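S.K.: For reference, the sequence and a predicted model appear below.
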Amino acid sequence: MKNYLLLISLFLGFGFTQLHAQQDFQSLHQVWIKDFNDGKYSPQFWEKASLFLEGKVFQGKEDSYGKLLVYRSKIKNIQSYEQLALVPHRQNNYFDMGIYKAQNGNFASIVGWKRISGKWMREIQILYPLETGAEAPLTEMINSYAEAWMKYSNAHDHAQLIEVVYSPEAVYVNGGRVDVGRKEIIDRYAYMSNPNWYIQLFPVKQLEVQDDILFEIGRYESTGTGHYVIVWEKQESGQWQACLDFNF
């Protein structure tokens, strides 16, 4: 009986922790919405934060939030935030996928939260106008490109991986560092040439944002376990390629 009660307590405690985390992020979104609508600087951006805004990347909290304030001309009075997925990575990082609902339309977002000294900060903000909002009818097609990602990575051919799976001006963001273009990303992925390297990708949540843009949050297993975000973009050739890769 005591063991049974202990299990119930642990389960309820875990549920409360998860609910509390979601409530915390919802309240942070509400504070951010008010600051954004008022044109005020938001303290939620990390010092080395990145903004990926409709395919363009900006680095550093000043530049990132400055560009967002300019973007207010396109987002008229955000009224609410609808959370679609909250994916934890250990205790100090979360991916938060959702929709900002404004007077002139909806905007798809992914926030990479990072807890620093007890405060949740935005390590990355991804934002696009939402035109479809379907739960990824393209899943099978996109998953085939994820299979290609694993194929080339596990064959230790990172150059071919980037050439095939990434767009020419793709962006890779990790740990506050931003690399743009295939050449820079190839250099960052040089560790894949290690003969002991391996990786497996497991998509967790996908959202079709526009006819040619899809968000994906996933989990990877390698020498450790982590989580990633890829923004997939359909090219003129009809092929889908990664235009943004970010991971914890």
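M.R.: Perfect, I can see it now.
S.K.: Find the nearest non-adjacent residue to K114, please.
M.R.: E123 (4.1 Å; Cβ to Cβ, 6 or more residues apart in numbering). Using the backbone N, CA and C atoms, a C-beta is placed for each residue, glycine as well.
S.K.: Within its local environment, how many residues does the one you found see?
M.R.: 24 (other Cβ atoms under 10 Å).
S.K.: Paired strands for the helix or strand that contains it, with orientation please.
M.R.: In the assignment (DSSP states H and E), E123 maps to strand 119-129. Within its sheet, strand 119-129 is paired with strand 45-53 (parallel), strand 105-116 (antiparallel), according to DSSP bridges.
S.K.: Output the below-cut-off pLDDT ranges for the protein.
M.R.: Low-confidence segments of the chain, defined by pLDDT under 70: 1-23, 133-139.
S.K.: Would you map the helices across this structure?
M.R.: 2-38, 61-70, 139-154, 158-165, 182-188 (DSSP state H).
S.K.: Could you name the helices and strands sitting against the fourth one?
M.R.: When contacts are defined as 3 or more Cβ pairs under 8 Å, 6 or more residues apart in numbering; DSSP states H and E, helix 158-165 packs onto helix 139-154, helix 182-188.
S.K.: can you pull the contacts of the residue nearest to K114?
M.R.: W46, K48, A49, S50, N93, G112, W113, K114, G176 (Cβ atoms under 8 Å, 6 or more residues apart in numbering).
S.K.: Pull out the buried members of these.
M.R.: Buried members of those, counted by 16 or more other Cβ atoms under 10 Å: W46, K48, A49, S50, N93, G112, W113, K114.
S.K.: Quick one: residues contacting the fourth one.
M.R.: So that's S50. V57, F58, Q59, S64, E123, I124, Q125, V173, G176, V178, F246.
S.K.: go with 6 Å
M.R.: Residues near S50 by Cβ atoms under 6 Å, 6 or more residues apart in numbering: Q59, I124, V173, V178.
S.K.: For burial, what's the neighbour tally of the first one?
M.R.: Read that as Q59. As a burial measure, Q59 scores 17 neighbours (other Cβ under 10 Å).
S.K.: try the third one
M.R.: Residue crowding around V173 was assessed by other Cβ under 10 Å; the count is 24.
S.K.: quick revisit: which of the contacts of S50 fall in strands?
M.R.: Q59, I124, V173, V178 (DSSP state E).
S.K.: My guess is the first one contacts V178. True?
M.R.: Yes - counting by Cβ atoms under 6 Å, Q59 sits close enough to V178 to count as a contact (4.9 Å).
S.K.: Most tightly packed of the helices of the chain?
M.R.: Neighbour counts averaged per stretch over these are highest for helix 158-165, at a mean of 19; criterion: mean count of other Cβ atoms under 10 Å.
S.K.: So which residues make contact with that one?
M.R.: Against helix 158-165 from outside (Cβ under 6 Å, 6+ apart): A148, W149, Y152, S153, R182, I185, I186, Y189, M192, A242.
S.K.: Nice, that's everything, thank you.
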